[in-house]
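quick one, structure for this:
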Amino acid sequence: MSNINTKKVYIWTIALFLTFFLCIPGQAEVGVKEIINNMQETYEKEFSKINDYTIVQKPTGGMAAMAGETKIYYKKATVEGKETFKTRTESEVMGMSFITVYDGKYSWSINPITNKVEKELAEGDPSQFWKNIDSAKAKYLGEETIDGEKAYVLQVENALLIMSSQQVPATTLPEEKPQNVLGKLWISSKTWRPLRMELTIKASSEGMNLNINTTTDLKDYRQVGGILHPYQVITNSSTEIDTTGMSKEEKEEQEQAIKMMQAMMSGMGSFTLETIDFQVNTGLSDDLFDGTKLK
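Residues are numbered from 1 along each chain as shown. Below is the predicted model of the structure:
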């Protein structure tokens, strides 16, 4: 009897080991979908009772300190059968005012050089970044602890689109699409909110290689009017400029431009976006989100 029980225990141990070992890839894939679905469902439930909200932020540190307050207005709307939030962003940089409007389909802005209103088809939904995350284009990397909170780490393909819709100042993002972009997200296992984002950009032009690494930590989450919002967004950037692919003549010719670029990139360094005001359901006017009325 003892031998029979010993054999059963042995067989079950082997079976459990093989089951666990063989199912690891499948579990990782399901984990990605579960994490993203939980995050998206949490946001959808939270914003189902929100008609509009307004955020006022103040940047400090690095080149961002040259900018003034930024006001971002959001208003719920249905565009082409899909629910979204129209947005209006008003910011000031070195005394110049910039206004951009997202009407649910197009992004509108005033060209500071020609002073003419321009519009372009928006990529993704800049007002709801969680809708831009595709589980088929994400990879589960494991778990990490951030400030005592467990987070799931995901690698995402469209990181540039996700980052650009998360109130990361444009000074940290390239105007043209880079050749290689790597991104990671740290999602809280408790609140299903992003705790950290990392963006690595690699680009090259005329023998010069540019590597930009940006890490953004979202901290001090507070509940306001039903919305859980990070009152502190801390960004740290580092840049490497490799000119080994340039000839001596090219380096001498581009010396001043390279120095200016290095100074500008190093000046970005670290900066913080502090939320100084947050209001929910104040009844914002539709005119704020009409790109045709920009002047």
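
how many residues are close by I187?
Neighbours of I187 under the rule other CB atoms under 10 Å: 21. The way it works is simple: take the backbone N, C-alpha and C, and place the C-beta from them, glycine included.

please name the nearest non-neighbouring residue to it.
Closest residue in space to I187, ignoring its immediate chain neighbours: Y152 at 4.8 Å, by CB to CB, 6 or more residues apart in numbering.

ok, and for the helix or strand containing T78, which residues are buried?
Using DSSP states H and E, T78 sits within strand 70-79. Residues of strand 70-79 classed as buried: 70, 72-77 (neighbour count, 16 or more other CB atoms under 10 Å).

am I right that Y53 falls within a strand?
Yes: the assignment for Y53 (DSSP: H, G, I helix; E, B strand; the rest coil) places it in a strand.

for K76, see how far away the residue nearest to it when sequence neighbours are not counted is.
In space, and not counting its chain neighbours, Y53 is closest to V280: 4.6 Å by CB to CB, 6+ apart. Distance, V280 to K76, by CB to CB, to the nearest Å: 12 Å.

overlap of the contact sets of the two?
50, 52 (CB atoms under 8 Å, 6 or more residues apart in numbering).

in three-state terms, label E41 for me.
With three-state DSSP as the criterion, E41 reads helix.

let me fix that: V32
V32 ends up helix, using three-state DSSP.

what comes up buried for the strand or helix carrying W186?
Element membership for W186 (DSSP H and E) is strand 180-188. For strand 180-188, burial by neighbour count (16+ other CB under 10 Å) applies to 181, 183-188.

can I get the CA coordinates of it in CSV?
Extracted as CSV, the C-alpha positions of strand 180-188 are listed here (Å, rounded to 0.1, in the frame of the first residue of the first chain):
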residue,chain,number,x,y,z
ASN,A,180,13.4,52.3,-34.1
VAL,A,181,11.1,52.8,-31.0
LEU,A,182,11.0,50.6,-28.0
GLY,A,183,8.5,51.1,-25.2
LYS,A,184,7.6,49.6,-21.8
LEU,A,185,4.6,50.2,-19.5
TRP,A,186,4.4,49.4,-15.7
ILE,A,187,0.7,48.8,-14.8
SER,A,188,-0.4,48.8,-11.2
